[in-house]
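1. here are the coordinates; sequence isn't available:
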Ligand SMILES: NC(=O)C1=CN([C@@H]2O[C@H](COP(=O)(O)OP(=O)(O)OC[C@H]3O[C@@H](n4cnc5c(N)ncnc54)[C@H](OP(=O)(O)O)[C@@H]3O)[C@@H](O)[C@H]2O)C=CC1
Ligand SMILES: CCCCCCCCCCCCCCCC(=O)[C@@H](N)CO
């Protein structure tokens, strides 16, 4: 009996010490001087003229950032500039735009140089939101379609990231700089109708993952967001040509507004998560396909991946059956 009480006593003492230590580190933790703080920073957002990029620009303007948005259409950029300016938290903030086709390497590099000259400030945080999907079945895609998707989704990010790293290395504090990529659930798992897009978004993931480790050399932080459906103007456009099979399969995902997507992204960056997802389904897919990068929370990520280990094959049986049935339906129709 006394041995049992003694054992219980040591467990209580040991767990109290652990609890106190955890509490003390929480209370007395020094704020990282390079923690995410948009106020007075130069935030550069590709694809900032609409959808997620625009929502992000508005959110960071509210938080006191100087913002440069980059896209091709000047009309959309001008309208977005007004919207973002209305969100400023102080008069000193500068909100600018640069028009550039970011899949051309020189134009991507020049846009960033001009942004820095005009803002008279080097870029601090670079968010790569530019991109869009042109869904369709692989069999009816042309080689040009495949290339286009790689240009729009991979090279826009790769060239801007490249220009950003050149700039960060001459920044007064490279360790306060961040690169934030936007991939997609389609950068974690393949889905029918998105073959070309999946290839490009998986490529973004490979780039981000290599840079996460490589840029540790300079203390530069890298993040990547893998959203599911976002109700953006881009989604409305792609839905016009999206195969019914793709619509049926992605219907399982509830989706978020651009404002919600932007808030989730910023929260993830603030929490220093390398890999960010929108919701529970996103967490299951993200953790199941995690690979080498760090977990956001070792315990929760492990738990999510256990759930996905069971849920994914069940979900896949249904999805595969949809593809088989669509094949049968098309055969009958022809
Ligand atoms: N909407 C969704 O369901 C999902 C979207 N995503 C990804 O999130 C990101 C944002 O998507 P979303 O919110 O839908 O945005 P939109 O598709 O609504 O907007 C795309 C933005 O990117 C710009 N852009 C596209 N191509 C280029 C280019 N070559 N050079 C410069 N700018 C370009 C567009 O402007 P312009 O055309 O004038 O150049 C626009 O500002 C994208 O990378 C997308 O792939 C990921 C998962 C789901
Ligand atoms: C545990 C397992 C459950 C698995 C459920 C999987 C459901 C699939 C959801 C797909 C969501 C859409 C992807 C993003 C699309 C996209 O990037 C384009 N719309 C770009 O504009």
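-> Yep, that arrived. Worth saying up front: this structure is predicted, and the values here are computed from it rather than measured. Ligands and ions are numbered 1, 2, ... in the order given.
2. Tell me how many other residues crowd the residue of the stretch 101-250 of the chain found nearest ligand 2.
-> In the stretch 101-250 of the chain, the residue that lies nearest ligand 2 is residue 184 (3.4 Å; Cβ to the nearest ligand atom). C-beta here means a position set from N, CA and C on the backbone, and glycine is covered the same way. As a burial measure, residue 184 scores 25 neighbours (other Cβ atoms under 10 Å).
3. got a pLDDT number for it?
-> Note on residue 184: pLDDT of 98.
4. Quick check: closest non-adjacent residue to it.
-> Closest residue to residue 184 apart from its sequence neighbours, by Cβ to Cβ, 6 or more residues apart in numbering: residue 201 at 4.7 Å.
5. What residues of the host helix or strand of that neighbour count as buried?
-> Using DSSP states H and E, residue 201 sits in helix 195-214. For helix 195-214, the neighbour count (16 or more other Cβ atoms under 10 Å) marks 195-205, 207-209, 211-212 as buried.
6. and what of stretch 218-237?
-> For stretch 218-237, the neighbour count (16+ other Cβ under 10 Å) marks 220-230, 232, 234-235 as buried.
7. circling back: which residues does the residue nearest to residue 184 contact?
-> Contacts here follow Cβ atoms under 8 Å, 6 or more residues apart in numbering; on that basis residue 201 touches 131, 153-154, 183-184, 186-187.
8. Kindly recompute the last result at 6 Å.
-> 153, 183-184, 186-187 (Cβ atoms under 6 Å, 6 or more residues apart in numbering).
9. Out of those residues, which are close to ligand 1?
-> Checked against ligand 1 using Cβ under 6 Å from any ligand atom, the contacts of residue 201 yield the following neighbours: 153, 184.
10. Most neighbours out of the contacts of residue 201, which is it?
-> Highest neighbour count within the contacts of residue 201, by other Cβ under 10 Å: residue 153, with 31 neighbours.
11. Just to check, that residue is in contact with residue 200?
-> Yes: taking contacts as Cβ atoms under 6 Å, residue 153 lies within contact range of residue 200: 3.7 Å.
12. Quick check: which element contains the residue of the chain at minimum distance from ligand 1?
-> Of all residues in the chain, the one sitting closest to ligand 1 is residue 234 (1.8 Å; Cβ to the nearest ligand atom). Residue 234 belongs to helix 233-239 when assigned by DSSP H and E.
13. Check whether that helix comes near ligand 2.
-> Yes: Helix 233-239 is in contact with ligand 2 by Cβ under 6 Å from any ligand atom, via 234-235, 238.
14. Among the buried residues of stretch 218-237, which are located in helices?
-> Among the buried residues of stretch 218-237, the members found in helices (DSSP state H) are 234-235.
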